[in-house]
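**Student:** need a 3D model of the sequence below.
(2 chains)
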Amino acid sequence: MSRNKKIIKNIVILIILFFVFSKATGLYLTPLSAHENSERSIHYGPSEVIHIEDFDRGKYILCKYDKWVSCNTVKRELFFFWRFGSQVTGFENDKAKALDYTWGMSYENYKLYGIINDDKIRKIQITLNNGEVFTETEFYEDLFLFTWKADNDDQSWYFNNIKGYDSNNNIVFEDEY
Amino acid sequence: MPLDKVDKFLENVLSYIKFPFVKDDIKFELESHILDRINYYMEQGYDSEKAEELSIKDMGDPKEIGILLNKQHNPFLGWILKITNGMVIFFVILSIYFVGVPLVISIFSRNPIKDIPKENIVYKIDTDEKVKIDDTVIRFTNVVYDKNGDMNIFYECYDTKFWGRGWSSSAIGDIMDDLGNTYFAGSAYSGGGIRTKCKRTVSDFSKEADTLIINYDYYNRKYRVEIPLKVGDTNE
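**Tutor:** Here you go, the predicted structure:
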């Protein structure tokens, strides 16, 4: 067999083995592919991706699926691969609330995300236990996402309260953890 | 017999070969050819020195031969072949580890039904209910009610596609009975591997129940399996 034929044979074998390897190890070539497969593997979605945001371990993917809102994470692995993260499924939106939200953490990475049900809301402000305040006035359609990173694992980095304001800066929604 | 001229000739030819992994093969081939020629000339009556000289002369210009052979053994293709050979071996080993090991685990994993001593079994029902959610197939094989009041549900699950890790094999749905009870407390076991043998146990299952209901209704996926409990071989 000529060297050209041997090389072609090797490349075909490598493509097949790479496919098997990536599937067996749960590694994907793109973050969206990892996200879509993570949803299907856990029997959720397919959701509509509304916003993607980077963090140091990978990406947050803010999504809507039917009555649920989710913020999946996918993680970067082995330089250029992507793997399932955590918190694939979402919370069920309670439309009776002016806004609905949830928050969580993975290691030192915190996130709070939700959906605005009352379109009077123009600004959302969250406060952490340590008094740090984050504000958002631009949303992703009707979804929002706050992310922050803790320096240590004490509870001062926990979310404390959330407020939704209308255009006149009146509080429309308020909730505490 | 010292063959200084042959060695020098071969060295000269090989200096034009850029791909190091073919040098030994080329040297062996050329050397064999020259030795054949030397033998030929010696049979014709030439002494060894003259035979060597004539044989090398027959071979031609070492520079020309070297350039030609280097062209034939293109170093770029040579390296590509070498690298892809190595990668094939690497990925074969990885595939054996990541696919072969789970496969072996699937074949040899213990059946959790054997964990329940026969004397503890109140009744055992064989069933063959198969459901599918997305790409996951769940096949319920047996239910065993034991003397502790535990209802043990045995099933196998596997994916029709490799999606990687994600779905928890204990998430088969809500366990209920025909009397309207829903059971939460209990435990789960999963054997691992590609075709996983699993057990889900719920505690304090009602003795009066006639039907075990496994109801899955999450994120727009639904199935409902009803297993009659009065047809087991030891059920009264």
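**Student:** show me how chain B divides into domains.
**Tutor:** B:4-104, B:112-228 (automatic domain parsing).
**Student:** deepest in the core, which of those is it.
**Tutor:** Among those, ranked by average contacts under mean count of other CB atoms under 10 Å in any protein chain shown, first place goes to domain B:112-228 (a mean of 17). No exception for glycine: its C-beta is placed from N, CA and C like everyone else's.
**Student:** start to end distance for it?
**Tutor:** 22 Å (CA to CA, to the nearest Å).
**Student:** which of the helices or strands spans residue A:74?
**Tutor:** If you go by DSSP states H and E, residue A:74 is part of strand A:68-77.
**Student:** what's the first helix or strand after that strand?
**Tutor:** strand A:81-84.
**Student:** is the helix or strand just after that following strand in proximity to chain B?
**Tutor:** Going down the chain from strand A:81-84, the next helix or strand is strand A:91-92, by DSSP H and E. No: applying CB under 8 Å from any CB of the partner chain, one finds strand A:91-92 separated from chain B by no less than 9.6 Å.
**Student:** contacts made by strand A:91-92 with the rest, please.
**Tutor:** Identification of contacts with strand A:91-92 by CB atoms under 8 Å, 6 or more residues apart in numbering or on different chains yields A:67, A:68, A:69, A:70, A:100, A:102.
**Student:** tell me if the strand holding residue A:74 is near chain B.
**Tutor:** Yes: residues of strand A:68-77 contacting chain B under CB under 8 Å from any CB: residue A:68.
**Student:** what segments of chain B are helices?
**Tutor:** Taking DSSP state H as the test, the helices found in chain B are B:4-14, B:23-43, B:48-59, B:62-72, B:75-95, B:101-108.
**Student:** can you say which of those is nearest to residue A:31?
**Tutor:** Among the helices of chain B, helix B:75-95 comes nearest to residue A:31, with 22.5 Å by CB to CB.
**Student:** is that closest one anywhere near chain A?
**Tutor:** Yes: using CB under 8 Å from any CB, we find that helix B:75-95 touches chain A at B:77, B:78, B:80, B:81, B:84, B:85, B:87, B:88, B:91, B:92, B:94, B:95.
**Student:** so for that helix, mean pLDDT?
**Tutor:** Mean pLDDT, helix B:75-95: 91.
**Student:** what about that helix, distance to the chain center?
**Tutor:** Here helix B:75-95 is found 18 Å from its chain centre; the criterion is CA atoms, centre = their mean, to the nearest Å.
**Student:** got the contact list for it?
**Tutor:** Residues contacting helix B:75-95 (CB under 8 Å, 6+ apart): A:3-4, A:6-7, A:10-11, A:13-14, A:17-18, A:20-21, A:24, B:18-19, B:21-22.
**Student:** list buried residues within those residues.
**Tutor:** For the contacts of helix B:75-95, a burial check counting by 16 or more other CB atoms under 10 Å in any protein chain shown picks out A:7, A:10, A:14, A:17, A:18, A:20, A:21, A:24, B:19, B:22.
**Student:** now, which of those residues lie within helices?
**Tutor:** Filtering those for helices - DSSP H - leaves A:7, A:10, A:14, A:17, A:18, A:20, A:21, A:24.
**Student:** now stretch A:146-164: how far from the chain's centre is it?
**Tutor:** On CA atoms, centre = their mean, the centre of stretch A:146-164 falls 16 Å from that of its chain.
**Student:** my bad, stretch A:15-24
**Tutor:** 26 Å.
**Student:** spell out which parts of chain B neighbour chain A.
**Tutor:** Near chain A, when you scan chain B using CB under 8 Å from any CB, you find B:74, B:77-78, B:80-81, B:84-85, B:87-88, B:91-92, B:94-95, B:98-99, B:102, B:133-136, B:159, B:161-167, B:218-221.
**Student:** next, residue A:45: phi, psi?
**Tutor:** phi 80, psi -160 (degrees, to the nearest 10).
**Student:** TSV for the buried ones among the contacts of helix B:75-95, including distance to residue A:140 and pLDDT?
**Tutor:** Formatted as TSV, the buried ones among the contacts of helix B:75-95 follow (distance: CB to CB, whole Å; pLDDT from 0 to 100):
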residue	distance to residue A:140	pLDDT
A:7	47	93
A:10	45	94
A:14	40	95
A:17	39	91
A:18	35	88
A:20	37	84
A:21	35	83
A:24	34	78
B:19	55	89
B:22	59	90
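**Student:** pLDDT below threshold where in chain A?
**Tutor:** For chain A, residues meeting the criterion pLDDT under 70 lie at A:1.
**Student:** and residue A:177, how many neighbours does it have?
**Tutor:** Number of residues near residue A:177 (other CB atoms under 10 Å in any protein chain shown) recorded here: 13.
**Student:** if you could redo that for residue A:159, that was the one I meant.
**Tutor:** 22.
**Student:** surely it and residue A:103 touch.
**Tutor:** Yes: in this structure residue A:159 lies within contact range of residue A:103 using CB atoms under 8 Å: 4.7 Å.
**Student:** between those two, which contacts overlap?
**Tutor:** In contact with both residue A:159 and residue A:103: A:110, A:112, A:177, using CB under 8 Å, 6+ apart.
**Student:** which one of those residues is nearest residue B:26?
**Tutor:** The closest of the shared contacts of residue A:159 and residue A:103, once distances to residue B:26 are taken by CB to CB, is residue A:110, at 64.2 Å.
**Student:** how near is the closest one to chain B?
**Tutor:** 23 Å (CB to the nearest CB, to the nearest Å).
**Student:** find the nearest non-adjacent residue to that residue, please.
**Tutor:** Leaving aside its sequence neighbours, residue A:110 sits nearest to residue A:148 (CB to CB, 6 or more residues apart in numbering or on different chains; 5.1 Å).
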